[in-house]
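Participant: Sequence first, predicted model second:
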Amino acid sequence: MSKINLRKKLINLRKINFSDQDISFIQFKKILNKFSIKKYQNIGGYYPINFEIGSLKILEKLEKNKFKISLPITTKNKDMDFYEWSFKKPLKISKQGIPEPYREKKVFPDVLIVPLVGFDKNKFRLGYGGGFYDRYISKMSKQKKVLTIGFAFSFQELKKVPIDKHDQKLNFILTEKGIIK
C-alpha cells in the first residue's frame, strides 16, 4: 500500500477510534528521568489536531514542573521551528488551521514530542507527508542531541512503516498502553 493510501486509512481509523485517552505522565517522566532531562530544559510539543492523541495535559504538567515548553510554527518553504509558549499566553491559528504560538522566542528543544499517523516497532513514523518533522529532526541532530518521543494510539501501529532515506527514526514511542523502546 502506498504511503498516501496508508495515511488516509490510518487517519480515518484514528477518527473512528478516537477517544479522550492521553499518554501517561508517569511513563513520560520515566523517559525524562532515564535521560536526566531536568527542570528548565525545553520540551517541544504539538497542539493536537485531526483526532491526534492528546499532548496538552502532559505539556501543562511539564510547565507546572518548571520545564519550558514550545510549539512549532511552519513556514511557506516547508520549514519548521519551535517557539517558546506558555499556557498563560494566547495562540493564533495558522493558515493550515493549527494553533501556534506567536514568534517571540525561537528555541531548540532538548526533547521533541512528535505526533504520528502511524508507527512500527522499529520506531519509524508515518506523518502527514510534508516531511516537516523529518527535516527538523535531521537539522537539529547536526546541532545537538535531541530526545525524540512519538505520541500515538496503540491501534496506529503497523507491521512496517514504508521508509525512505529522509525518514528519521524516533528514540521512543508512547501510546496509551505504554512505551515502545
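Facilitator: All right, it came through fine. Keep in mind that this is a model prediction, so the values were computed, not measured. Numbers count the residues shown, from 1 in each chain.
Participant: Helices of this protein, residue ranges please.
Facilitator: 3-17, 25-34, 56-64, 132-141 (DSSP state H).
Participant: Go through these and name the closest to Glu176.
Facilitator: Closest approach to Glu176 among these (C-beta to C-beta): helix 25-34, 9.5 Å. Any C-beta I mention is one placed from the backbone N, CA and C, and that applies to glycine too.
Participant: quick revisit: can you tell which of the helices of the chain is closest to Val161?
Facilitator: helix 3-17 (8.4 Å).
Participant: now what about the closest one, what contacts it?
Facilitator: 1, 50-52, 117-118, 126, 128-129, 153, 155-156, 158, 162 (C-beta atoms under 8 Å, 6 or more residues apart in numbering).
Participant: In space, not sequence, find me the middle residue of this structure.
Facilitator: Residue closest to the average C-alpha location in the chain (C-alpha atoms, centre = their mean): Val114, at 1.5 Å.
Participant: Excluding covalently adjacent residues, which one is nearest to it?
Facilitator: Distances taken as C-beta to C-beta, 6 or more residues apart in numbering place Gly150 nearest to Val114, at 4.7 Å, with adjacent residues excluded.
Participant: My read is that the one you found contacts Leu126, right?
Facilitator: No - in this structure, Gly150 is not within contact of Leu126 by C-beta atoms under 8 Å, at 10.2 Å.
Participant: Just the CA atoms of stretch 137-157, as CSV, please.
Facilitator: Output of stretch 137-157 as CSV, limited to C-alpha atoms (Å, rounded to 0.1, in the frame of the first residue of the first chain):
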residue,chain,number,x,y,z
ILE,A,137,15.0,16.2,13.5
SER,A,138,17.7,15.9,10.8
LYS,A,139,18.6,19.6,11.1
MET,A,140,18.6,19.5,14.9
SER,A,141,20.6,16.3,15.2
LYS,A,142,23.5,18.1,13.5
GLN,A,143,23.5,20.8,16.2
LYS,A,144,22.7,18.9,19.4
LYS,A,145,21.4,15.7,20.8
VAL,A,146,17.6,15.8,20.8
LEU,A,147,15.4,13.1,22.5
THR,A,148,12.5,12.3,20.2
ILE,A,149,9.3,10.7,21.5
GLY,A,150,6.4,9.9,19.3
PHE,A,151,2.8,10.1,20.7
ALA,A,152,0.2,7.8,19.2
PHE,A,153,-2.8,5.5,19.9
SER,A,154,-1.7,1.8,20.1
PHE,A,155,-4.1,1.0,17.2
GLN,A,156,-1.9,3.2,14.9
GLU,A,157,0.9,0.6,15.0
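Participant: which intervals of the protein have sub-threshold pLDDT?
Facilitator: For the chain, no stretch is flagged by pLDDT under 70.
Participant: Which one of the helices of the chain lies nearest to Asp81?
Facilitator: Short answer: helix 132-141, nearest of those by C-beta to C-beta, at 7.8 Å.
Participant: All good on my end, thank you.
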